[in-house]
Every structure is written in structure tokens, then in C-alpha cells.
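Asks: I would like to see how this sequence folds:
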Amino acid sequence: MSYEYLKRALDIAVAFALMIVFLPFWLIVPALIVLTSPGPIIYRHKRVGKGGKQFYMYKFRSMVTDADFILHHKNKTLLKKFKAGDWKLEAKDDPRITPLGRILRALTIDEFPQIYNVLTGDMSMVGPRAYLERELTEQVKKYPSAKAFIPTVLSVKPGITGLWQVSGRNEVTFDKRAELDAQYVKRMSLWTDLTILLKTPKAMISKW
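Replies: Numbers count the residues shown, from 1 in each chain. Sure, this is the predicted structure:
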């Protein structure tokens, strides 16, 4: 059986296992979001997937409902800090995050709905980061050396977790992150995927 089929079987098995193990979260978190912040329970955002095809990636909402508008149209200082940080903001520096959202993010619970993306086949449990289209365009301009890695990165499905997340290098710049993603693609194997999955819980805990 080819690696592609084995990887898909692993994705489905792990996704269903996580749905069962974390069943209480699927019931409690939506209720807490409704009780603590007006707006939808699930936040969806377009990301670039395999072959450059865009898809909606799902998360538990951890921000106020107009978070994107605030970032790109109302708070120039925040946007500048966001781009300077390679399209990332520390939770403590982001006023858009709700009090509950800070907890969800710290525990990585906000990413649980991406299991749905895995089951539908848009994502894998392990793979490169699911980038925003605008992020790719602007970051390649900022880091021209990263351009060589992008075709490789986009040749496979993005993942919930990946090589750079478990390598202790979460704060690396975009070009180094893209390079790590490309390295993963070049050495993809079932063993590599299992190793990354087993390292992921420790990487999650280290964020606390």
C-alpha cells in the first residue's frame, strides 16, 4: 500500500480518536463561547491548500467578531506589529482576543475544529502550515529566498501540526519556517508523521 493511502488512513484514525477523547470539549467549549462573547462559535478563514487551491479552515472563535476588520482597517499600529512579527501576534499583545480565547489558544483548543478539515480531506494531521494567500504574497516579497520553497510546500496538504511546530522553533521567521515545511515534504514518510504526532503534545505543553 502506498504512503499516500497509509497517510490518509492515519489521518482518519487519529481524527476520529481525537473526536472521542476530547468529546467533553466539543460540548463545553461552544457553550462557553456563546456565554462569554457575542458571535458565532466557529471561525472560518480561507487558507491555501494543496496545489494552491483555497479552502476554509475552521477554528473555535477566540477573537471578537470583527477581528479581521480591526486588524486591517482600524488599527494601523496593530497591523504593523502583526506584519513585523511575520504575520503573528503574541496573545498578550492582541486586544482582539477574548478572555476565553486566550485560554483556548494557550491550550491549542481553538484548533480542534480543524479535525473536520482533516476528515473532509482539505488538511492532514501532519503537514506544512496552512498559509493565507495574502501572507504568502507579502512574505515572499519580504523574504525572496523563501520563494524557492513555496511550490514544494504547496505540493501537499497542509497539516494541523508539522515539523517546525515540534522542532522547538515556533518563533522562526517566515523564510526559515517555509524551509522547514519544504524539508518535511521532501522526507515525508509514515514514520516521520508518527514521530511528529508523538512530539506534538510536548510541543503544545511547552507553549504554556
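Asks: alpha carbons only for contacts and neighbour counts from here, please
Replies: Fine.
Asks: before we move on, what SS does the nearest residue to Glu135 once chain neighbours are set aside have?
Replies: Distances taken as CA to CA, 6 or more residues apart in numbering place Trp87 nearest to Glu135, at 7.1 Å, with adjacent residues excluded. Under DSSP: H, G, I helix; E, B strand; the rest coil, the three-state class of Trp87 is coil.
Asks: just give me the neighbour total for Met57.
Replies: 22 (other CA atoms under 10 Å).
Asks: all further residue positions should be reported with the first residue as 558.
Replies: In the new numbering, first residue 558, that becomes Met614.
Asks: for it, phi and psi?
Replies: phi -100, psi 140 (degrees, to the nearest 10).
Asks: beta-bridge partners for it, please?
Replies: For Met614, the beta-bridge partners under DSSP bridges are His602.
Asks: separation between Gly609 and Gly596?
Replies: 30 Å (CA to CA, to the nearest Å).
Asks: any residues touching stretch 611-620, and which ones?
Replies: 587, 590, 597-606, 653-655, 657-659, 661-662, 666-671, 673-674, 679 (CA atoms under 8 Å, 6 or more residues apart in numbering).
Asks: got it, and stretch 672-686?
Replies: 565, 568-569, 571-572, 576, 606-607, 612, 614-615, 671, 710, 713-720, 738-739, 741-742, 750, 753-754.
Asks: pretty sure Val591 contacts Leu584?
Replies: No: taking contacts as CA atoms under 8 Å, Val591 lies outside contact range of Leu584: 11.6 Å.
Asks: mind checking the longest helix of the protein?
Replies: Taking DSSP state H as the criterion, the chain has its longest helix at helix 560-578.
Asks: what does the helix or strand following that one contact?
Replies: Scanning forward in sequence from helix 560-578 by DSSP states H and E, the next helix or strand is helix 580-593. Helix 580-593 is contacted from outside by Pro597, Ile598, Phe617, Arg618, Leu657, using CA under 8 Å, 6+ apart.
Asks: now helix 580-593: average pLDDT?
Replies: Averaging pLDDT along helix 580-593 gives 95.
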